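Engineer: Pasted the sequence and its predicted model underneath.
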Amino acid sequence: MSDFSVTAASRPQKWIAGILVIGYALITILPLLWIIATGFKSPSDAIAYPPKIVFEPTLEGYVNLFTTRTRQTAEFLAENPPQTWYEAIVAKYDMTIVGPSRFGERFMNSVIIGFGSTFLSVFLGTLAAYAFSRFRIPLKDDLMFFILSTRMMPPIAVAIPIFLMFRSLGLSDTHAGMIMLYTAVNLSLSVWLLKGFIDEIPREYEEAALIDGYTRFQAFTKVVLPQAATGIASTAIFCLIFAWNEYAFAVLLTSGTAQTAPPFIPTIIGVGGQDWPAVAAGATIFLLPVVVFTILLRKHLLRGITFGAVRK
Amino acid sequence: MSNSAIERAAAATPPGVARKIRGLSDRAIAWIFVGPSIFLLLAVNIFPLIWTIRLSFTNYRVNRPNAEVQNVGLRNYERILTDTDIWETMQATAHFLFWTIALQVLFGFALAWLINKKFRGDNFWTTVIVLPMMLSPAVVGNFWTFLYQPQIGLFNYVVGFLSGADPSSFSMIGEVSLAPWAIVIVDTWMWTPFVMLICLAGLRSIPTSIYEAAECDRASPWRQFWTITVPMVLPFLMLAVLFRGIENFKMFDLVVQLTGGGPGSTTELTSINLKREAFEKWRTGYASAYAIILFVTVFGLASIYVKALNKVKER
């Protein structure tokens, strides 16, 4: 149909547009592909000059990421030959594995804090968004703006009193503290996004249910919630991505037990500086879920990143 | 809608309980639903803010809990506003803000405009372009230090390959003249898709009938672009700039991982500078005043800008 329209782009125009956009896309994706590739390089291939595009893939980076190792003498290694493939990889560098690294723990912290705070912020956000969408609340616009404004504060500025508060409440470096903090930070996003989604559900559905004898609460759980399911799911993914990626609070308020992966990954060091294949392996594992979620979220992406200000 | 089960349940409920559930007026439900969120935000945002304001008038230091805390009035504010280091920090932030926003608007709009030509596979490539902005800035920023390594870094290699310069002759994050650009490049790489997506929504909101009418009036494509496309996308573009402005004013994670504020203090943006005052020098009172000044600045600039945005929308 558009082929006959006077306003549609002509064939050569489309070609030029396509080539330029694909060119940009290839450049922009290159650093990400480089992360994935570096994860499969040996340390010497990773820092080779010129940078190696073709290389022999190895799992050294992943083995180094998940283990802590110690240097051994040649005699010790001769007496204790490697039993498994990963021990063999380490043995090439005259080392043996002495235990797991902290990466697994840090990754699990990211999962616990990410999912915990996402659940809470979506739960609280859904309730608040429904009330803001359907009821007359005094100072509604001011309250909504107040909720949004909490997101404008630089995290470092908020971190000073939160640091003191957590210290006096014994919440420093705890999962509970981080979950509470991320829930609060994500509330603005979840209330604003969900209000948009709930606004789009016609009121008539609930009114019909109320006339049928449902209570307001039943109308909410049985009529509105199922209708808002997609909106709730995409809001949840946005909250999860935020909590997953967050760095400033994590680096200031956690150190050992509750530290998440973002402050940890840059600290992975090997012999003489950062162990780039291990860092890249950690980054790959850490970034991949977000890539998958982004692809799933395509349709609601714009809405999520603008707090619902722009809807397609 | 079948509700027989609910009717039966309603009939079976003792009248007292039913009245209690039903008795929850809409107003009560509204407060029960909104209350917890407001409470949490008060506890985690407003209470700390008030605490920060109080601390900002004192000389309190976290690392000296036994020292006497004195009320110093407005001295912290005075010292910050007259401190030349902080003005340098502000200048670095301004440079970063100006160039990231300018480049992101330029590339973002251009990309959106091209994607809107609707070539085959445009959806796929849009998703590819969007990926960087969803990723953890700290993790990605850290990896960019590897790409920026002299000689072995991919970035230096590609630049050297294209320009003929020796890839080991320059260090993006190690040189005073290049570091401010190193952070601009990574932020632009990461956030151009954000501006692009918003512009794309703007472009798609323009009804084709307007272009058809312009076509009938024999308006040149150039004229159509400046009199239809640009004004119609402008409110969207301004919204994108607002978001990027606030976010980049707060910028911490990406830059702290990339340069750590260095070399010297050339890329020490306000948030990094504040972190240094608050969590390395432990000047808590002073840093609190600093935080308040930053917050008022963001809030003030954002409100002025939102007013301007609303004016553009009304036109």
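Structural biologist: Thanks, I have it.
Engineer: Chain A contacts on the stretch 201-315 of chain B?
Structural biologist: Taking CB under 8 Å from any CB of the partner chain, the part of the stretch 201-315 of chain B that reaches chain A is made up of B:201, B:204, B:208, B:211-212, B:215, B:236, B:239, B:243, B:246, B:249-250, B:252-253, B:256-257, B:270-271, B:274-275, B:278-279, B:284, B:287-288, B:291-292, B:294-295, B:298-299, B:302. (Each C-beta comes from the backbone N, C-alpha and C, glycine too.)
Engineer: give the contact list for B:Leu114.
Structural biologist: Contact analysis of B:Leu114 by CB atoms under 8 Å, 6 or more residues apart in numbering or on different chains lists A:Ala17, A:Leu20, A:Val21.
Engineer: List phi and psi for it.
Structural biologist: Phi and psi for B:Leu114, reported as degrees, to the nearest 10, are phi -70, psi -40.
Engineer: Hmm, which of the contacts of B:Leu114 is lowest in pLDDT?
Structural biologist: Sorting these by pLDDT puts A:Ala17 at the bottom of the list (90).
Engineer: So that one lies in a helix, does it not?
Structural biologist: Yes: going by DSSP: H, G, I helix; E, B strand; the rest coil, the assignment for A:Ala17 places it inside a helix.
Engineer: From B:Phe119, how far off is it?
Structural biologist: 5 Å (CB to CB, to the nearest Å).
Engineer: Please enumerate the shared neighbours of these two.
Structural biologist: Counting by CB under 8 Å, 6+ apart, the residues touching both A:Ala17 and B:Phe119 are A:Ala9.
Engineer: Now look at the lowest-mean-pLDDT helix or strand in chain A and say if it contacts chain B.
Structural biologist: Here the helix or strand of chain A ranked lowest by mean pLDDT, DSSP states H and E is strand A:269-270, holding a mean of 76. No: no part of strand A:269-270 sits close enough to chain B to count as contact by CB under 8 Å from any CB; the gap is at least 11.7 Å.
Engineer: Give the partner strands of that strand in its sheet and their orientations.
Structural biologist: Using DSSP bridges, the strands paired with strand A:269-270 in its sheet are strand A:273-274 (antiparallel).
Engineer: with the contacts of B:Leu114 in mind, which one is nearest to chain B?
Structural biologist: For chain B, the closest of the contacts of B:Leu114 turns out to be A:Ala17, at 3.8 Å, with distances computed as CB to the nearest CB.
Engineer: surely the closest one meets B:Ile115?
Structural biologist: Yes: under the criterion of CB atoms under 8 Å, A:Ala17 lies in contact with B:Ile115, with a separation of 7.3 Å.
Engineer: More neighbours: those two, which one.
Structural biologist: When A:Ala17 and B:Ile115 are compared for neighbours, B:Ile115 comes out ahead with 25 against 20, by other CB atoms under 10 Å in any protein chain shown.
Engineer: Contacts only, for that one.
Structural biologist: The neighbourhood of B:Ile115, defined by CB under 8 Å, 6+ apart, consists of A:Ala17, A:Val21, B:Asp122, B:Trp125, B:Thr126, B:Met196, B:Leu200.
Engineer: quick one: it from B:Gly264, how far?
Structural biologist: Using CB to CB, which is the criterion applied here, B:Ile115 is 41 Å from B:Gly264.
Engineer: cool, and B:Tyr305?
Structural biologist: For B:Tyr305, the distance to B:Gly264 equals 32 Å [CB to CB].
Engineer: Ok, A:Trp244 next?
Structural biologist: From A:Trp244 to B:Gly264 the distance is 33 Å (CB to CB).
Engineer: between those two, which one's more packed in?
Structural biologist: For A:Trp244 against B:Gly264, the residue with the higher neighbour count under other CB under 10 Å is A:Trp244, and the figures read 26 against 10.
Engineer: quick one, domains of chain A?
Structural biologist: Domain segmentation of chain A under automatic domain parsing yields A:2-39, A:43-101, A:104-268+A:286-305.
Engineer: looking at those, which is buried most?
Structural biologist: Here the criterion is mean neighbour count by mean count of other CB atoms under 10 Å in any protein chain shown, and of the domains of chain A the winner is domain A:104-268+A:286-305, at a mean of 20.
Engineer: SS state for A:Val54?
Structural biologist: Under the three-state scheme (three-state DSSP), the conformation of A:Val54 reads as coil.
Engineer: Output stretch B:289-296 as PDB, restricted to C-alpha atoms.
Structural biologist: These are the backbone C-alpha positions of stretch B:289-296, laid out as PDB (Å, rounded to 0.1, in the frame of the first residue of the first chain):
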ATOM      1  CA  ALA B 289      25.500  21.000  52.100                       C
ATOM      2  CA  TYR B 290      27.000  20.000  48.700                       C
ATOM      3  CA  ALA B 291      24.300  17.400  48.200                       C
ATOM      4  CA  ILE B 292      21.600  20.000  49.000                       C
ATOM      5  CA  ILE B 293      23.100  22.500  46.500                       C
ATOM      6  CA  LEU B 294      23.100  19.800  43.800                       C
ATOM      7  CA  PHE B 295      19.600  18.700  44.500                       C
ATOM      8  CA  VAL B 296      18.300  22.300  44.400                       C
END
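Engineer: what are the ranges of the strands in chain A?
Structural biologist: For chain A, applying DSSP state E gives strands covering A:67-71, A:95-100, A:269-270, A:273-274.
Engineer: Okay, now the sheet partners of the first one, with direction.
Structural biologist: In the sheet, strand A:67-71 lines up against strand A:95-100 (antiparallel) (DSSP bridges).
Engineer: State the helix or strand in which whichever residue of the stretch 151-300 of chain B sits closest to chain A lies.
Structural biologist: Chain A sits closest to B:Ala291 of the stretch 151-300 of chain B, with a gap of 3.4 Å, by CB to the nearest CB. When elements are defined using DSSP states H and E, B:Ala291 is found to belong to helix B:284-314.
Engineer: That helix: how far from the chain's middle?
Structural biologist: Helix B:284-314 has its average C-alpha position 13 Å from the chain's average C-alpha position, going by CA atoms, centre = their mean, to the nearest Å.
Engineer: Please point out which parts of it sit buried.
Structural biologist: Of the residues in helix B:284-314, those scored as buried under the neighbour-count criterion (16 or more other CB atoms under 10 Å in any protein chain shown) are B:284-295, B:298, B:302, B:305, B:309.
Engineer: helix, strand or coil for B:Ser177?
Structural biologist: When the rule is three-state DSSP, B:Ser177 gets the label coil.
Engineer: mind pulling up the phi and psi values for it?
Structural biologist: Torsion angles at B:Ser177 (phi, psi; degrees, to the nearest 10) stand at phi -80, psi -20.
Engineer: Also the one 5 residues further on?
Structural biologist: Dihedral angles of B:Ala182 (phi, psi; degrees, to the nearest 10) stand at phi -60, psi -40.
Engineer: Likewise for B:Ala165?
Structural biologist: The main-chain torsion angles of B:Ala165 are listed as degrees, to the nearest 10 and equal phi -70, psi 160.
Engineer: Pull the number of nearby residues for B:Ser177.
Structural biologist: B:Ser177: 9 neighbours (other CB under 10 Å).
Engineer: Tell me how far A:Pro154 lies from A:Arg69.
Structural biologist: A:Pro154 sits 40 Å away from A:Arg69, taking CB to CB as the criterion.
Engineer: quick one on the thing from earlier: quick one: contacts for the residue lying closest to the residue of the stretch 151-300 of chain B closest to chain A once chain neighbours are set aside?
Structural biologist: Nearest residue to B:Ala291, sequence neighbours excluded (CB to CB, 6 or more residues apart in numbering or on different chains): A:Ala157, at 3.4 Å. Contacts for A:Ala157 (CB under 8 Å, 6+ apart) come out as B:Thr52, B:Leu274, B:Ala291, B:Ile292, B:Leu294, B:Phe295.
Engineer: Nothing else from me, thank you.
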